[in-house]
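> Kindly return the folded structure for what I paste below:
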Amino acid sequence: MVKHIVHRNLARHVDTAAIEAAIAAAELRTSGQIRVSIAPHFWGDVRKTAERAFERMGMTATPERNAVLFFVVPGRRKFTVLGDAGIHGKVGQEFWEKVTEAVAERFREGDLTGGLVHGIRTVGEQLARHFPYEPGSAPGLPNTVDLS
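Residues are numbered from 1 along each chain as shown. This is a model prediction of the structure:
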């Protein structure tokens, strides 16, 4: 589901350290992986571009297919949240719609960082519930915000 962001110039208000800390905290409790990608302005389909980013970032390679991507295009005022097959099968489409709406609400208030942190925490809770952390598991994907 692609959601529209109402507030302009949100990219200037992103606290990448807070977002990365939220990802790290969420992933302490799960074998799942969470990534955030903030894309420059482009013309084209946001969801398809997010799907390509999902693959480019190695997110389809998680053993349990439990990766989640928050893909934001501030210049187009749009974003989408993509969950791989493993997590989607556990939570269903209604969960993604609720997450998307909660994130969009904060974005409309001009709080990109808060929206992403809230979304990460919400997704992290479900990942921890369905895919708890396993000691000794292989290192995961980077927690850094992708700015490509």
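> Check which helices and strands the longest helix seen in the chain is in contact with.
With secondary structure taken from DSSP state H, the chain has its longest helix at helix 85-108. Where contact means 3 or more C-beta pairs under 8 Å, 6 or more residues apart in numbering; DSSP states H and E, helix 85-108 is packed against strand 2-4, strand 67-73, strand 78-83, helix 112-130. In short, each C-beta sits where N, CA and C put it, glycine included.
> after the shortest one comes which helix or strand?
Pointing back at strand 2-4 there. helix 16-27 (DSSP states H and E).
> buried residues in that following helix?
With burial defined by 16 or more other C-beta atoms under 10 Å, the residues of helix 16-27 counted as buried are Ile19, Glu20, Ala22, Ile23, Ala26, Glu27.
> Return the angle between stretch directions for it and strand 67-73.
Here helix 16-27 runs at an angle of 160 degrees relative to strand 67-73 (axes from the mean of the first three to the mean of the last three C-alpha atoms, to 10 degrees).
> Check which element follows helix 16-27 along the chain.
Scanning forward in sequence from helix 16-27 by DSSP H and E, the next helix or strand is strand 33-38.
> Give me the helices and strands touching that following strand, please.
Here strand 33-38 touches helix 16-27, strand 67-73, helix 112-130, going by 3+ C-beta pairs under 8 Å, 6+ apart.
> and if we set it to 10 Å?
helix 16-27, helix 46-56, strand 67-73, strand 78-83, helix 112-130 (3 or more C-beta pairs under 10 Å, 6 or more residues apart in numbering; DSSP states H and E).
> Of the ones you listed, flag the one that's most buried.
strand 67-73 (a mean of 25; mean count of other C-beta atoms under 10 Å).
> Direction included, what does that one pair up with?
The strands beside strand 67-73 in its sheet (DSSP bridges) come out as strand 33-38 (parallel), strand 78-83 (antiparallel).
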